[in-house]
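> need a structure here:
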Amino acid sequence: MRAKNRNKSPVVLPQIATADHIIRLPNSYEGESLLHLLNSIQREIKSARLADQSLPHKIWLKQQFSIGVNDVTRVLERMPAVHRSICSPPQNTTYSSRNAKQPPLRLQAILIATDCNPRGLTKHLPILASSREVPVIFVKDKTGGSFKLGEIVKLKTAMAIGVKARGNSINKMLGEILGGNDCVPVNE
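Model prediction:
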């Protein structure tokens with residue numbers, strides 16, 4: 001892709017992967033595999049909830065998941081971007097008691113409904129997630145993937161759900177589905 005600057009000399013812009021290209025990845029679930037995935041997630045939510053009933057259900061769900069496009073985007077933007085540079089070593093960030101900042105919340109995976117209208121609402125999520133190395137699972141369903149995602153969190157619809165890395169049974173099950181993706185529990 002070429003763009004021209006004011007001096008009329010061509011400038012080569014980097015090409016960015018589009019959401020349409022990313023949608024073709026193997027992390028797309030529909031039909032029987034979608035039902036199996038959603039049933040597994042709901043089963044783990046129930047077992048994790050039975051183990052921890054100290055909070056009301058709605059607050060507990062918000063601790064386990066980022067619900068909605070805006071919330072998922074906010075959490076992704078607060079996560080540090082992964083830079084793959086050979087020259088610079090990875091930086092270890094320490095969080096002292098003097099520094100009031102908490103360690104950034106990490107998402108283990110994002111579930112995105114492919115039936116949202118307009119598509120531009122979720123188009124930025126796969127690109128943002130790939131810059132943070134967060135796997136994306138696309139939910140396709142003839143009756144509406146957003147309805148299926150909503151069932152998980154007891155809402156009518158949800159276009160995007162981010163699974164927070166908390167080190168619980170939900171994360172372990174999702175790690176197995178994603179092929180051994182490690183989950184990093186958040187220190188609270």
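> pretty sure Val69 is in contact with Leu125, am I right?
Yes - here Val69 reaches Leu125: they are 7.1 Å apart, a contact under Cβ atoms under 8 Å. Every residue, glycine included, has its C-beta placed from N, CA and C.
> Next, show the common contact partners of these two.
Residues touching both Val69 and Leu125 (Cβ atoms under 8 Å, 6 or more residues apart in numbering) are Ala160.
> can you give me the helices in this structure?
19-22, 32-51, 57-64, 69-78, 124-131, 145-152, 169-177 (DSSP state H).
> Pairing partners for the residue nearest the centre of the chain in the sheet, please.
Centrality entry for the chain: nearest residue to the mean C-alpha point is Ile110, 2.5 Å, by Cα atoms, centre = their mean. Taking DSSP bridges as the rule, Ile110 bridges to Val136, Gly162.
> Could you check how far Arg166 is from Leu155?
20 Å (Cβ to Cβ, to the nearest Å).
> How about Lys62?
Taken as Cβ to Cβ, the span from Lys62 to Leu155 is 12 Å.
> Overlap of the contact sets of those two?
What both Lys62 and Leu155 touch, as defined by Cβ under 8 Å, 6+ apart, is an empty set.
> which residues touch the residue nearest to the centre of the chain?
Val72, Leu76, Leu125, Ala129, Val134, Pro135, Val136, Ile137, Ala160, Ile161, Gly162, Val163.
> hmm, 7 Å instead?
Val72, Leu125, Ala129, Val134, Val136, Ile137, Ala160, Gly162 (Cβ atoms under 7 Å, 6 or more residues apart in numbering).
> Right, I'll call it a day here.
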